[in-house]
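Asks: attaching a predicted model along with its sequence, questions to come.
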Amino acid sequence: MPKEELQNLAFRRMLFYPAAEIYAGAPAGFWEFGPVGVRIRNNIVAFWRRELLEKERLFEIHGSVVLPREVFEASGHLKSFNDPIVQCTKCHSFHKANSLIEEKIGKPVAEAMSPKEMDLLISQEKIFCPKCKGALGNVKLFNMMMSLRIGATQSQECFLRPETCQNIFLDFQRIYRSGRENLPIGIAQAGSSFRNEIAPKQTLLRERELGQMEIEIFFNPERINEFEKFEEVAGYKLRLQSLSSNKVDDVSCKEAVSKKIVSGKLIAYWLARLQQFYEKCGIAKEKMRFRQLTDDEKAFYSKESWDFEVLLDVGWTELVACNYRTDYDLKGHAQGSKKDLSVKEDSKEFIPHVFELSAGIDRTFYAVLDQAIRKETRGKEERLYLDLRPQLAPYFVAVFPLVNKDNIDTKAEEVFQYLESHGFFCVYDEKGSIGRRYARVDEIGVPYAITIDYDTLNDDTITLRERNTMAQKRIKIYALPELLWKLSISKIRFEDIK
RNA sequence: GCGGCUGUGGUGUAGUGGCAGCACGAGAGCCUUCCAAGCUCUUAGCCCGGGUUCAAAUCCCGGCAGCCGCACCA
């Protein structure tokens, strides 16, 4: 579905819209989720929590977004995220200004050198673009991390975390010691990260405040293939585009391990679980792939990287980065904090390795919508609806009085309260024609609608309407809670009712 | 960040120097026994700041934002 359609729907139906939009000077890359959008977004995170954290018995934390400078010295972000950059005016490629100067003059450039001093050196030493020999523009400091000063006197330099996993590495030792679990253990977190993206674009796909839901699996590298639960997924086929194949192959987990396409059973298992999660979110298998990153593409700390990508209107889009981070992070923080972050298991002392599944919440949200939008022409009318899975829908059922008189509206209100009291998320609407009300809830993906009419007053039945097919069934009110519950967990299909 | 294009009610648009209009939506009312029906009324807008001009949505400058391309995305 064209992204204009999605954005139009988002703005019209309170899904998402720019942050501080009533102020003209608001910066790009920050988004608000409106009353409908936040419900869907929360459902995505809740579903991730249920499908991956609960079923896999992971630990979840909620960490601080503000972390001290020392954390990012140890993690390597200050070094690699903070650069004087110069752009070629001809071919527009970026270069690190200090490295260019160092190469030319053959000695290190002082860290404190200002961009103006570097500009001067570049013109004095006649330095040109190493790629195309074009003229270089002015040196600018690129700081991909957002910094802030803490304390009333602004005395402590801190940063907003550029990835949520750092909290997990910082908390690892405490959770390992108190958690009464041996390796492998998984720790997860959902929350915001912050990056000064150069060019935020495509709404939620490139943000400066980005929602992440990350899972870090800590394990003994010698036991990467000792993983009992692997048998559950051994026959399950991953959509892998490995470096050696360069096209998407359906490869069983067993085969991926035996042919050494992935580093071990533990990794294949988690790739499978992740792919299954996205299938349950309504993403078609043909439109997903794990693309293995080349050495140039992957982060320096990563031994093996798979980007989970989905084919959207805008092209293949990365939703999740899966990185084998080895012991890089714990080692770095052990050095930085001077704390021992090793574990003792099997009468050996070692630093655990980490495999991470770093998913973008907002990218997932966008992808779910992109894949769910349906447009149908029915006679003169165009029908637009969201084919959302019930778990992700903003409401599970809508309740409408057919007309607003003869006690039909009060009866509808009773049904609404009845379903609410049974734990269903309901939306009530009595304004406008019945068709218009159906259309409104179709557009935000509500899977079912209940209408109260004159027959209801006589026999306590209602009509239950399914969103996608618009088919209707006559149901007794007392039977609704159990029936809706069965529908919500796919225990019964709508067409099989009665 | 660079280059090109663009910015008018909630959404989509007309208006190219002289009273800011239309459609859809939304709200109130009437009507209404199942898929955006009808009638009446109402609501709401020129991205922000400066400049030119008797007069600026319109022309000029700057900013912000968006789209396309390039680049970037530890």
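Replies: Arrived safely, thanks for sending.

Asks: residue A:475: neighbour count?
Replies: 18 (other CB atoms under 10 Å). Where C-beta positions appear, they are placed from N, C-alpha and C, glycine not excepted.

Asks: got the residues of the stretch 251-400 of chain A near RNA strand B?
Replies: A:299-301, A:314, A:378, A:381-384 (CB under 7 Å from any atom of the strand).

Asks: what about those residues, which are in strands?
Replies: Of these, the ones assigned to strands by DSSP state E are A:378, A:381-384.

Asks: buried subset of the residues you listed as a ChimeraX selection?
Replies: Buried members of those, defined by 16 or more other CB atoms under 10 Å, are picked up in ChimeraX with:
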select /A:384
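
Asks: now tabulate the ones in strands among the residues of the stretch 251-400 of chain A next to RNA strand B in JSON lines and tack on pLDDT.
Replies: Output for these, formatted as JSON lines (pLDDT from 0 to 100):
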{"residue": "A:378", "pLDDT": "74"}
{"residue": "A:381", "pLDDT": "74"}
{"residue": "A:382", "pLDDT": "81"}
{"residue": "A:383", "pLDDT": "90"}
{"residue": "A:384", "pLDDT": "92"}
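
Asks: tell me which element the residue in chain A positioned nearest to RNA strand B falls in.
Replies: With CB to the nearest atom of the strand, the shortest gap between chain A and RNA strand B falls at residue A:435, namely 2.3 Å. For residue A:435, the element it lies in under DSSP states H and E is helix A:434-443.

Asks: got the buried residues for that helix?
Replies: A:434, A:437-438, A:440-443.

Asks: also stretch A:227-241?
Replies: In stretch A:227-241, counting by 16+ other CB under 10 Å, buried: A:227, A:230, A:233-234, A:236-241.

Asks: which of those fall within helices?
Replies: Those of the buried residues of stretch A:227-241 mapping onto helices are A:230, A:233, per DSSP state H.

Asks: residues in contact with the closest residue to residue A:49 other than its chain neighbours?
Replies: Leaving out its chain neighbours, the residue that sits closest to residue A:49 by CB to CB, 6 or more residues apart in numbering is residue A:60, at 7.0 Å. Residue A:60 is in contact with A:49, A:53, A:187-190, counting by CB atoms under 8 Å, 6 or more residues apart in numbering.

Asks: host element of residue A:363?
Replies: Counting by DSSP H and E, residue A:363 is found in helix A:361-372.

Asks: over to residue A:375?
Replies: In the assignment (DSSP H and E), residue A:375 maps to strand A:373-378.

Asks: low-confidence ranges in chain A?
Replies: Residue ranges of chain A with pLDDT under 70: A:1, A:110-112, A:379-380.

Asks: any idea how it splits into domains?
Replies: A:3-74+A:154-370, A:83-143, A:395-496 (automatic domain parsing).

Asks: Three-state assignment for residue A:404, please.
Replies: Three-state assignment for residue A:404 (DSSP: H, G, I helix; E, B strand; the rest coil): coil.

Asks: that one and residue A:368, how far apart?
Replies: Computed as CB to CB, to the nearest Å, the residue A:404 to residue A:368 distance reads 35 Å.

Asks: just residue A:244 next, same as before
Replies: In this view, residue A:244 and residue A:368 are 31 Å apart by CB to CB.

Asks: compare the two and say which one has the larger neighbour count.
Replies: A side-by-side neighbour count of residue A:244 and residue A:368, using other CB under 10 Å, places residue A:368 first with 25 against 10.

Asks: if I read this right, the more buried one contacts residue A:43, doesn't it?
Replies: No - contact criterion CB atoms under 8 Å: residue A:368 and residue A:43 do not qualify, at 9.5 Å.

Asks: intersection of neighbour lists for these two?
Replies: In terms of CB under 8 Å, 6+ apart, residue A:368 and residue A:43 are both contacted by the residues residue A:392.

Asks: off-centre distance for stretch A:265-280?
Replies: 15 Å (CA atoms, centre = their mean, to the nearest Å).

Asks: quick one: buried residues of that stretch?
Replies: The neighbour-count check on stretch A:265-280 (16+ other CB under 10 Å) flags A:265-275, A:277-278 as buried.

Asks: helices or strands up against the helix or strand where residue A:311 lies?
Replies: Using DSSP H and E, residue A:311 sits in strand A:305-312. Applying 3 or more CB pairs under 8 Å, 6 or more residues apart in numbering; DSSP states H and E, one finds that strand A:305-312 contacts helix A:265-280, strand A:288-292, strand A:315-326, helix A:361-372.

Asks: could you rerun that using 6 Å?
Replies: Other helices and strands packing on strand A:305-312, by 3 or more CB pairs under 6 Å, 6 or more residues apart in numbering; DSSP states H and E, are strand A:288-292, strand A:315-326, helix A:361-372.

Asks: deepest-packed of those, please.
Replies: Stretch with highest mean neighbour count among these: helix A:361-372 (a mean of 24; mean count of other CB atoms under 10 Å).

Asks: pull out the CA atoms of that one and give them to me as CSV.
Replies: Presented in CSV, the C-alpha positions along helix A:361-372 are these (Å, rounded to 0.1, in the frame of the first residue of the first chain):
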residue,chain,number,x,y,z
ILE,A,361,9.1,-0.9,17.9
ASP,A,362,8.1,1.9,15.6
ARG,A,363,9.4,0.2,12.5
THR,A,364,7.4,-2.8,13.5
PHE,A,365,4.4,-0.7,14.1
TYR,A,366,4.8,0.9,10.7
ALA,A,367,5.4,-2.5,9.0
VAL,A,368,2.3,-4.0,10.6
LEU,A,369,0.2,-1.1,9.3
ASP,A,370,1.8,-1.2,5.9
GLN,A,371,1.0,-4.9,5.6
ALA,A,372,-2.5,-4.5,7.1
